[in-house]
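**Q** Fold the following and give me the result.
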Amino acid sequence: MSASLGRRAWAELVGTAALVAVVVGSGIQATELSRDVGVQLLANSLATVFGLAVLITLFGPVSGAHFNPAVTLAAWFTGRKTGDGMTAREVAVYVPAQTLGAIGGAVLADAMFAEPLVKWSTHDRSAGHLWLGEIVATAGLVLLVFALTRTDRAHLASAAVASYIGAAYWFTSSTSFANPAVTVGRAFTDTFAGIAPASVAPFIAAQLVGAAVGLGLLAAVFGRPAPADTRIVVPHGDTELAPSAP
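**A** Numbering: from 1, shown residues only. Got it, this is the predicted structure:
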């Protein structure tokens with residue numbers, strides 16, 4: 001499916017908004033239904049797995065369903081020398097759309113549960129072990145996304161990416177934000193899934209480091225792509241559209 005940049009931007013905005021609404025909304029619902037933190041996290045992670053799989057399936061053919069500036073920047077970086085990846089203009093459109101969508105999704109979730117529409121989170125997440133968790137989570141995500149494309153298995157992205165995020169909720173200390181836009185959005189809600197504004201910048205820095213580590217692991221394990229394989233890298237969907245049209 002060939003889509004204009006404007007339509008792709010809308011897909012990224014709406015998709016990221018829906019993703020954050022799922023994460024925040026399920027967190028609020030979980031805390032209302034149970035006082036057990038383990039049960040709350042289980043409910044939150046399961047909702048995220050199912051929601052993310054659906055959103056990748058829905059929006060993948062339009063925009064690649066990145067929903068994540070780290071993935072978008074990695075897609076640009078891997079194709080910058082061949083000219084077959086995302087252009088700087090596309091990155092400049094995708095990233096703000098993802099960020100605005102994430103903020104909107106948090107506000108929407110708060111509205112659905114009669115929470116204050118915008119209330120800065122007080123959930124401090126400033127600690128070295130949490131930043132390490134974000135590096136690991138983001139590195140694994142980027143490695144997975146681009147390895148699927150490199151090995152012609154991008155059709156498995158919806159199930160594989162959603163499953164990885166669900167697992168990373170539990171095996172990383174940070175509960176796997178692994179997404180700069182989602183991190184910003186979650187600062188706008190003082191609920192279970194929130195993150196204090198002061199914790200946002202270090203989390204994003206760790207995620208960008210993780211993205212670089214993921215690309216390094218991709219090169220180490222899979223090598224450089226053959227010329228015929230440099231045409232496109234699609235993070236969360238089928239084959240990504242050419243840079244002039246994705």
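**Q** now for the helix or strand of the chain with the lowest mean pLDDT, which elements pack on it?
**A** When the helices and strands of the chain are compared on mean pLDDT, DSSP states H and E, helix 69-79 comes out lowest with a mean of 94. Under the contact criterion of 3 or more CB pairs under 8 Å, 6 or more residues apart in numbering; DSSP states H and E, helix 69-79 touches helix 88-112, helix 128-150, helix 180-186, helix 197-222. Quick note: C-beta positions are derived from backbone N, CA and C, even for glycine.
**Q** how distant is the second one from the center of its chain?
**A** Read it as helix 128-150. Helix 128-150 sits 11 Å away from the centroid of its parent chain (CA atoms, centre = their mean, to the nearest Å).
**Q** same question, the longest one
**A** Relative to its parent chain, helix 197-222 has a centroid offset of 12 Å by CA atoms, centre = their mean.
**Q** so what secondary structure elements neighbour it?
**A** Contact here means 3+ CB pairs under 8 Å, 6+ apart; on that basis helix 197-222 packs against helix 69-79, helix 128-150, helix 180-186.
**Q** quick one: low-confidence ranges for this protein?
**A** 1, 81-83, 226-246 (pLDDT under 70).
**Q** mind running it again at 50?
**A** In the predicted model, the chain carries pLDDT under 50 at residues 228-246.
**Q** longest single helix anywhere in it?
**A** Across the chain, the longest stretch assigned as helix under DSSP state H is helix 5-33.
**Q** for it, which positions count as buried?
**A** Of the residues in helix 5-33, 5, 8-31 count as buried by neighbour count, 16 or more other CB atoms under 10 Å.
**Q** Which neighbouring elements make contact with that helix?
**A** So helix 5-33, by 3+ CB pairs under 8 Å, 6+ apart, packs with helix 37-63, helix 88-112, helix 180-186.
**Q** the inter-axis angle of it versus helix 88-112?
**A** Using axes from the mean of the first three to the mean of the last three CA atoms, to 10 degrees, the inter-axis angle of helix 5-33 relative to helix 88-112 is 30 degrees.
**Q** and helix 5-33, how far from the chain's centre?
**A** Averaged C-alpha coordinates place helix 5-33 at 11 Å from its chain's average position (CA atoms, centre = their mean).
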